[in-house]
Structure formats: C-alpha cells, structure tokens
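Undergrad: sequence-free structure coming up:
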C-alpha cells in the first residue's frame, strides 16, 4: 500500500469535499479544471487549512477512531 493511498473511495470523496470547502473559505475557486493556474502558496494554504480543520475535529472528538487506522 502506498504511503498516501486512502482506505476507501468514501475517504477520497470526503477529503475532496473538505478541500473544496477550505478553498472556498480562503477565497479560491477550485471548481476550475486546471489547478495549475493557482499559485503553490495558495494550494499550500488550502492544505494547511485542511490539516488544522482535521486536528480541531479530532481534538473536539468529532472523529471516530474505530476505522482501524494506525
């Protein structure tokens, strides 16, 4: 299994949805097909917001750890 592979297709869909939500919050339009026109700094900001959101969800107990993840 590759390091960055996801467990299920549902996980991929959830992460994509989160990515679009975080991009919208910081004012980026991720609906365009070619994301190569978006600056690396802006793409990195989306990733950073995703990580902060996931950490906050975990700390608030909104994340189930019963998925068998290590």
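TA: Thanks, I have the structure now. Predicted, not measured: the structure shown is a model, and the values here were computed from it.

Undergrad: And the contacts of stretch 20-35?
TA: Outside of stretch 20-35, the residues that reach it under the criterion Cβ atoms under 8 Å, 6 or more residues apart in numbering are 19, 38, 42, 43, 45, 46, 49, 50, 53. No exception for glycine: its C-beta is placed from N, CA and C like everyone else's.

Undergrad: That stretch: end-to-end distance?
TA: The separation between the terminal residues of stretch 20-35, taken as Cα to Cα, to the nearest Å, is 12 Å.

Undergrad: Which residue ranges of the protein form helices?
TA: Counting by DSSP state H, the chain forms helices over residues 9-25, 40-59, given from the N-terminal end onward.

Undergrad: Mind putting these into JSON lines with mean pLDDT and distance to residue 32?
TA: JSON lines is the format used below for those (pLDDT from 0 to 100; distance: least, Cβ to Cβ, whole Å):
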{"stretch": "helix 9-25", "mean pLDDT": "89", "distance to residue 32": "11"}
{"stretch": "helix 40-59", "mean pLDDT": "91", "distance to residue 32": "12"}
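
Undergrad: mind giving me TSV with the ones you listed and columns for mean neighbour count?
TA: TSV is the format used below for these (neighbours: other Cβ atoms under 10 Å):
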stretch	mean neighbour count
helix 9-25	13
helix 40-59	13
